[in-house]
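A.B. asks: Got a sequence here, can you model it:
(chains A and B)
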Amino acid sequence: MFNASLKQLSTQLAERKISSVELTKEFLQRIKTLNAEYNAFITVNEALSLAQAQNADQIIAAGQANKLTGIPIAQKDIFCAKDWLTTCGSKMLSNFVSPYDAGVIERFNQIGAVNIGKTNMDEFAMGSSNETSFYGPVRNPWDVAAVPGGSSGGSASAVAARLAPAATGTDTGGSIRQPAALCGISGIKPTYGLVSRYGMIAFASSLDQGGPMAKSAEDLALMLGVMTGFDARDSTSLQRDSEDYTRDLEKPLSGLRIGLPKEYFAKGMSKDVECAVEQALDEYRKLGAEMVEVSLPNSQLSIPVYYVLAPAEASSNLSRFDGVRYGHRAKSYDDLNDMYRKSRAEGFGAEVKRRILIGTYVLSHGYYDAYYIKAQKVRRLITQDFVDAFKQCDIMMGPTSPTVAFNIGEKSSDPIQMYLSDIYTSAASLAGLPGMSVPIGFGDKNRPVGLHIIGNYFKEAQMLNVAHQYQLVTDWHQRLPTGID
Amino acid sequence: MTLSVNDVKRIADLACIETSESEAQATLGQLADIFKLIETMQVVDTSSVEPMSHAQDVVQRLREDKITESDQRDLYQSVAPQTEAGLYLVPKVIE
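C.D. replies: Residues are numbered from 1 along each chain as shown, chains lettered A, B, ... in the order given. Next up, the predicted model:
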């Protein structure tokens, strides 16, 4: 059961071959046995999960089931879930039991999905390796010496180790796509504005976007259908008609124009990744797609621009953590200001502090125009590159990450090297475009490689179709790490 | 641009994060490297480009000016470090 697709699980539940309680118990048992090895979950709460499973069984018995009713879903610990410890990977929120549900959690609750636990993540989603978590690093099920990627590394590891059938993630500069690639699973960051940010603890609000992580494109399509939708409580939520993201899965790909941004193939990509990407592109040629060279001339500026804008927004968003209304408060202090300063110094980890300082600096008097406004202008140029390139192609492809998963500790003392892990993913984030990663093979040390698929705005159904057709003729997405059986 | 330890301390002060001398020293080197990376964007001519703040360039939605929230003070204060009689307690700020 633990390796079944969401569609298979849904059928089994509908035909009463298994109950949601039985299914939930099976995954809870797997987590109990294997989580010590991967550290994918920060919080597991059997009582809350089983109560939801019992409720789901009633919904199914009443004939009111949706496709995901009764299915256990792992939730990234960035999503506030009522009565659940919600830490965002930080000591700052180590005592925060959320009094309310995020918009995304509400949507899963409404259809009777089961929250199987809260997954580990880089602190406040700031990281590409999951090593900044206050709750310890997550391990990659393909090789426990390797990082799972980040920031949604717990979700990626949980799905790869089959500790949950599917999971949620969030992506600011690559935090769904990069860990999906490094853990050999599929993940999609939809167009900015499609998934509610209400109750999703804010990092960089103009970039943050939730999305699903799962074993296949078909599973992602089902998850995305639940997660997307207008939410008036999120000021940047888009008002659009709901979509069936599975509608185009079976379409043939003949005539599809795949754009290959020449800058993504020029340098920086390691040989093993390049080899896997070339093989995947050959597979697409066999499926009838044609390759078109396109150019994103400003894409090399996406990391500098990202490291102005994201920290700037973070420094503002994280000013709410002051030890007054929730979260960590220092034990001893002299006065109110000292309380703020000590609570924040104790509650935040090194990377979070670093980014708050960068953000504070670029927003400070005398530097605002030179850094913040400048970065916003270059952001428009990066976006315009995509608009121009999409006149020549339907979809774009390249590597998700320049290398396979690196070792735990390998880059943790060098922030710049870590930041460059997102070199291929951050441009699409800045443009607000949807991006996804699908597994396409293995590179050095037999670690997974991901293919980055960038779609035009609101073309998620097409991207899922493109990924699904590949997964019908390949089996990379069905491979299991050693020991996962 | 050259950052000094005093700049780091000033930023940390603005950000309300207590920072020791040795932490400020260690941070200085890292921030200098990061700003070297950031500076690479300065070479681009953006004189005729409008800043971009939202991917879809949408305007902020307006809503009717009416109360939509119910009173959940007790629930929300249940996670506060220190409260009394429905108030958040902080160190005294007025002599």
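A.B. asks: Show me which positions of stretch A:478-485 end up buried.
C.D. replies: Neighbour counts over stretch A:478-485 (16 or more other C-beta atoms under 10 Å in any protein chain shown) mark A:481, A:484 as buried. C-beta here means a position set from N, CA and C on the backbone, and glycine is covered the same way.
A.B. asks: Only the C-alpha atoms, please, for it, written as CSV.
C.D. replies: C-alpha atoms of stretch A:478-485 as CSV (Å, rounded to 0.1, in the frame of the first residue of the first chain):
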residue,chain,number,x,y,z
GLN,A,478,9.0,4.5,-9.8
ARG,A,479,12.5,3.6,-8.6
LEU,A,480,12.9,3.1,-4.9
PRO,A,481,15.9,3.9,-2.7
THR,A,482,17.7,0.8,-1.3
GLY,A,483,16.0,-0.4,1.9
ILE,A,484,12.6,1.2,1.1
ASP,A,485,10.4,-1.8,0.6
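A.B. asks: List of residues touching that stretch?
C.D. replies: Applying C-beta atoms under 8 Å, 6 or more residues apart in numbering or on different chains, the external contacts of stretch A:478-485 come out as A:3, A:141-142, A:160-162, A:184, A:215, A:439.
A.B. asks: Those in helices, which ones?
C.D. replies: Secondary structure of the contacts of stretch A:478-485 is defined by DSSP state H; positions in helices are residue A:160.
A.B. asks: What's the PyMOL syntax to select whichever of the contacts of stretch A:478-485 are buried?
C.D. replies: This is the PyMOL syntax for the buried subset of those, where burial follows 16+ other C-beta under 10 Å:
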select buried, chain A and resi 141+142+160+161+162+184+215+439
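A.B. asks: how close does the residue nearest in space to the middle of chain A sit to residue A:67?
C.D. replies: Nearest to the geometric centre of chain A sits residue A:176, at 2.3 Å (C-alpha atoms, centre = their mean). Remark: distance between residue A:176 and residue A:67 (C-beta to C-beta, to the nearest Å) = 21 Å.
A.B. asks: so where is chain B shaky, pLDDT-wise?
C.D. replies: B:1, B:57 (pLDDT under 70).
A.B. asks: all strands for it, in order.
C.D. replies: Taking DSSP state E to define them, one finds strands in chain B at B:83-84, B:87-88.
A.B. asks: now chain A
C.D. replies: With DSSP E applied, chain A shows strands at A:41-43, A:72-76, A:114-119, A:166-171, A:186-189, A:209-214, A:257-261, A:290-294, A:395-399, A:435-442, A:448-455, listed in chain order.
A.B. asks: export those strands to TSV and tack on distance to chain B and mean pLDDT?
C.D. replies: Compiled in TSV, the strands of chain A are given as follows (distance: least, C-beta to the nearest C-beta, whole Å; pLDDT from 0 to 100):
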stretch	distance to chain B	mean pLDDT
strand A:41-43	15	98
strand A:72-76	19	98
strand A:114-119	16	98
strand A:166-171	13	98
strand A:186-189	12	98
strand A:209-214	9	98
strand A:257-261	18	98
strand A:290-294	20	98
strand A:395-399	16	98
strand A:435-442	12	98
strand A:448-455	13	98
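A.B. asks: what's the most buried one of these?
C.D. replies: strand A:186-189 (a mean of 33; mean count of other C-beta atoms under 10 Å in any protein chain shown).
A.B. asks: closest point of chain B to chain A, which residue?
C.D. replies: residue B:55 (2.1 Å; C-beta to the nearest C-beta).
A.B. asks: residues contacting the residue nearest to that residue when sequence neighbours are not counted?
C.D. replies: Closest residue in space to residue B:55, ignoring its immediate chain neighbours: residue A:432 at 2.1 Å, by C-beta to C-beta, 6 or more residues apart in numbering or on different chains. Contact criterion C-beta under 8 Å, 6+ apart gives A:191-193, A:383, A:457, B:54-56 as the residues in contact with residue A:432.
A.B. asks: Just the buried ones among those residues, please.
C.D. replies: Among these, those that count as buried by neighbour count (16+ other C-beta under 10 Å) are A:191-193, A:383, A:457, B:55.
A.B. asks: Greatest separation within these: which pair is it?
C.D. replies: The widest separation within those, taken as C-beta to C-beta, falls between A:193 and A:383 and amounts to 14.2 Å.
A.B. asks: So which residues of chain B form helices?
C.D. replies: In chain order, chain B shows helices spanning B:5-14, B:21-39, B:73-77, with DSSP H as the criterion.
A.B. asks: Just the endpoints, please. Distance across stretch A:394-412?
C.D. replies: The first and final residues of stretch A:394-412 sit 37 Å from each other (C-alpha to C-alpha, to the nearest Å).
A.B. asks: I meant stretch A:11-29, not that one.
C.D. replies: For stretch A:11-29, the separation between the terminal residues is 22 Å (C-alpha to C-alpha).
A.B. asks: cool, stretch A:360-372 as well?
C.D. replies: When the termini of stretch A:360-372 are compared using C-alpha to C-alpha, they are 11 Å apart.
A.B. asks: Report back the residue of chain A that's furthest from centre.
C.D. replies: residue A:334 (40.8 Å).
A.B. asks: Now do the contacts for it.
C.D. replies: By C-beta under 8 Å, 6+ apart, the residues touching residue A:334 are residue B:91.
A.B. asks: Helices along the stretch 151-300 of chain A, start to end?
C.D. replies: Assigned helices in the stretch 151-300 of chain A, in chain order: A:153-160, A:177-182, A:217-227, A:262-266, A:271-286 (criterion: DSSP state H, counting those that start in this stretch).
A.B. asks: Could you identify which of these has the lowest mean pLDDT?
C.D. replies: Out of the helices of the stretch 151-300 of chain A, helix A:262-266 stands lowest, with a mean of 93 (criterion: mean pLDDT).
A.B. asks: ok so, going back, which two among the contacts of residue A:432 are spaced furthest apart?
C.D. replies: Between all members of these, the farthest pair (by C-beta to C-beta) comes out as A:193 and A:383, at 14.2 Å.
A.B. asks: what residue is smack in the middle of chain B?
C.D. replies: Central residue check for chain B by C-alpha atoms, centre = their mean: the C-alpha nearest the mean position is that of residue B:15, 6.8 Å away.
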